[in-house]
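Participant: below is the structure, and that's it, no one-letter string:
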């Protein structure tokens, strides 16, 4: 249980978009950031680390973008969809590409299977927010 | 629900410390980072923002330290307690100082009350991890 | 003087794009991240903080995106332009919007004038990298 | 050339500590963060990646702490040495441990030699700031 929803409800200004989708996306971004950090690290401990180089690199990228996206969506004051939109688009794309790579290793490494799911969940949460953000 | 526990359980190496305390601390760090970002932002939208400057500043600091601490605790490969210990100590201290300030505004601003609770929870989770980390 | 160029030259794989533009963009991203953190903080200490709320918020956003972009461009192994491109686009856009706001306060606050310049410099460095990245 | 010094000079409040040491430490933190990101990535592209696992992990940790430390030192408003001190101590320690590991690979990998130098430089800049911060 995170406190994202409570904080959104007690913000002096209303959320810029539908709060359910927003909270889901904020939580998905931070969960995905943690998952990508953990999966890249688990890859480093595998015997076949040499086959996991692309997975490690993409997890590091995806984690970085998820932190930025999660922070920006956590801010409601003077929210600017022209800034938020490309950030959430970049986050959805990073999650998509990272998930595709993790899925290639999912049969052999459980952490890749879990991280792929987390990335797909975050990708969908970002897509939902994008559908609600003014173009 | 985050995926921190599942990722810890599927890591090829066992966790450096008791997994229950570790997962709790990882989740608390990311939740506190999000909470601090959201509280600093809610402060900016309050009419009495001029009285909340110290709260904003400490929330920004605490959020930065929580991300570093959450990431470092998420890594089990070649875990080095000599590096992790001062980071988690810094995180506990940032949470303590930020909580003290948020508590001063808790009666007037619900987001400060919630953020203070989140910081206290993270402070305790860090202290628990510190008690388990070899000195 | 940063070490970005030396590290790029000693990487076992060649850079994905023209190294001069890449180093300039990496350095601009980290400089802009620092500048945005410092400008948001200086705003908090100004007597007219209530007129600087949008500036603070955009500086925080821009700083977050610049760290993600600077980290991702610092990685040459398994570089994927499909992931990097939207991140650098988001960074250029964040720099543009943050610069526009800082410029509105540049006549009154020197830190806003400097931060606007840093954002414009980073925006241009990102645009240069985007022109070199395969579409 | 970064803009850290100009931003410090134009801040409405004076710096909490001697500005020369402070600017040097802020710049060292961001340079070290970039260097650690780049070195971890270069390690991933080496044929002997299996011997560089500890180097990668420590570079990732050190980069995370350096960003937190660089951001916190970039803020002068309501600066609290009780919060800053343990963060800068954690940063100095992370740089020390990461440098020791990079030095072990410096004869074989130029990026490790450069990253070790950057870490040592940041460690010293942090120690200088710590000597100036009230205990």
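Facilitator: Done, it's in. Small disclaimer: the values here were computed from a predicted structure and weren't measured.
Participant: give the buried residues for the top helix by length along chain A.
Facilitator: The longest helix of chain A (DSSP state H) is helix A:19-44. For helix A:19-44, a neighbour-count test (16 or more other Cβ atoms under 10 Å in any protein chain shown) marks A:19, A:21-44 as buried. All C-beta spots, glycine's among them, are computed from the backbone N, C-alpha and C.
Participant: okay, the residue positioned nearest the centre of chain A: pLDDT?
Facilitator: Nearest to the mean C-alpha position of chain A, counting by Cα atoms, centre = their mean, stands residue A:29 at 3.3 Å. The model reports residue A:29 with a pLDDT of 98.
Participant: residue A:16 too?
Facilitator: 82.
Participant: could you check how far the helix or strand that comes right after the longest helix of chain A is from the centre of its chain?
Facilitator: Per DSSP states H and E, the first helix or strand lying C-terminal to helix A:19-44 is helix A:53-73. Mean C-alpha position of helix A:53-73 versus that of the full chain (Cα atoms, centre = their mean, to the nearest Å) differs by 7 Å.
Participant: helix A:53-73 vs helix A:19-44, what angle?
Facilitator: 150 degrees (axes from the mean of the first three to the mean of the last three Cα atoms, to 10 degrees).
Participant: state the mean pLDDT of helix A:53-73.
Facilitator: So the average pLDDT for helix A:53-73 ends up being 98.
Participant: quick one: is that helix near chain B?
Facilitator: Yes - Helix A:53-73 is in contact with chain B by Cβ under 8 Å from any Cβ of the partner chain, via A:63, A:67, A:70-71.
Participant: what about that helix, near chain D?
Facilitator: Yes - Helix A:53-73 is in contact with chain D by Cβ under 8 Å from any Cβ, via A:53, A:56-57, A:60.
Participant: against which helices or strands is that helix packed?
Facilitator: For helix A:53-73, the contact count by 3 or more Cβ pairs under 8 Å, 6 or more residues apart in numbering or on different chains; DSSP states H and E identifies helix A:19-44, helix A:81-104, helix A:110-132, helix B:19-44, helix B:53-73, helix C:53-73, helix C:81-105, helix D:19-44 as packing neighbours.
Participant: buried residues in the second one?
Facilitator: Using 16+ other Cβ under 10 Å as the burial criterion, the residues of helix A:81-104 that qualify are A:83-99, A:101-103.
Participant: and the longest helix of chain A, what does it pack onto?
Facilitator: Short answer (3+ Cβ pairs under 8 Å, 6+ apart): helix A:19-44 packs on helix A:4-9, helix A:53-73, helix A:81-104, helix A:110-132, helix B:4-9, helix B:19-44, helix B:53-73, helix D:53-73.
Participant: how about the residue of chain A positioned farthest from its centre, phi and psi?
Facilitator: For chain A, the largest distance from the centre (Cα atoms, centre = their mean) belongs to residue A:47, which lies 27.5 Å off. As for residue A:47, its main-chain torsions (degrees, to the nearest 10) stand at phi -60, psi -30.
Participant: pLDDT wise, what is it at?
Facilitator: 96.
Participant: what's the answer for residue A:33, then?
Facilitator: For residue A:33, the predicted pLDDT is 98.
Participant: what about residue A:60, how many neighbours?
Facilitator: As a burial measure, residue A:60 scores 24 neighbours (other Cβ atoms under 10 Å in any protein chain shown).
Participant: try the one 4 residues further on
Facilitator: One way to gauge burial is a neighbour count; for residue A:64, by other Cβ under 10 Å, it gives 25.
Participant: surely residue A:63 meets residue A:33?
Facilitator: Yes - here residue A:63 lies in contact with residue A:33, judged by Cβ atoms under 8 Å, at a distance of 4.7 Å.
Participant: now do the same end-to-end measure for stretch A:72-88.
Facilitator: 9 Å (Cα to Cα, to the nearest Å).
Participant: centre of the chain to that stretch, how far?
Facilitator: For stretch A:72-88, the distance to the chain centre is 15 Å (Cα atoms, centre = their mean).
Participant: next one: stretch A:92-112
Facilitator: 13 Å.
Participant: so, in contact with chain D or not, that stretch?
Facilitator: No - using Cβ under 8 Å from any Cβ, stretch A:92-112 stays clear of chain D, coming no nearer than 13.8 Å.
Participant: so is that stretch next to chain C?
Facilitator: Yes - Stretch A:92-112 lies within reach of chain C by Cβ under 8 Å from any Cβ, at A:93-94, A:97-98.
Participant: next one: stretch A:44-61 to chain centre, how far?
Facilitator: For stretch A:44-61, the distance to the chain centre is 19 Å (Cα atoms, centre = their mean).
Participant: next, the distance between the ends of that stretch.
Facilitator: So stretch A:44-61: terminal residues 16 Å apart, Cα to Cα.
Participant: show me which residues of it are buried.
Facilitator: Buried residues in stretch A:44-61, counting neighbours by 16+ other Cβ under 10 Å, are found at A:44-46, A:49, A:52-61.
Participant: reformat the residues of stretch A:92-112 next to chain C as TSV; add pLDDT and distance to chain B.
Facilitator: Listed next are the residues of stretch A:92-112 next to chain C as TSV, based on pLDDT from 0 to 100; distance: Cβ to the nearest Cβ, whole Å:
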residue	pLDDT	distance to chain B
A:93	98	21
A:94	98	17
A:97	98	19
A:98	98	14
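Participant: looks like residue A:59 contacts residue A:42 (just checking).
Facilitator: No - if you go by Cβ under 8 Å, residue A:59 and residue A:42 don't touch, sitting 9.5 Å apart.
Participant: give me the distance between residue A:5 and chain C.
Facilitator: 21 Å (Cβ to the nearest Cβ, to the nearest Å).
Participant: enumerate every residue touching residue A:55.
Facilitator: A:39-40, A:43, A:101-102, A:104-105, A:112 (Cβ atoms under 8 Å, 6 or more residues apart in numbering or on different chains).
Participant: then residue A:17?
Facilitator: A:129, A:132-133 are the contacts of residue A:17 under Cβ under 8 Å, 6+ apart.
Participant: residue D:120: which of the helices and strands packed on helix A:53-73 is closest?
Facilitator: Nearest to residue D:120, of all those, is helix D:19-44, at 9.5 Å by Cβ to Cβ.
Participant: show me how far the closest one is from its chain's centre.
Facilitator: That offset, for helix D:19-44, works out to 5 Å (Cα atoms, centre = their mean).
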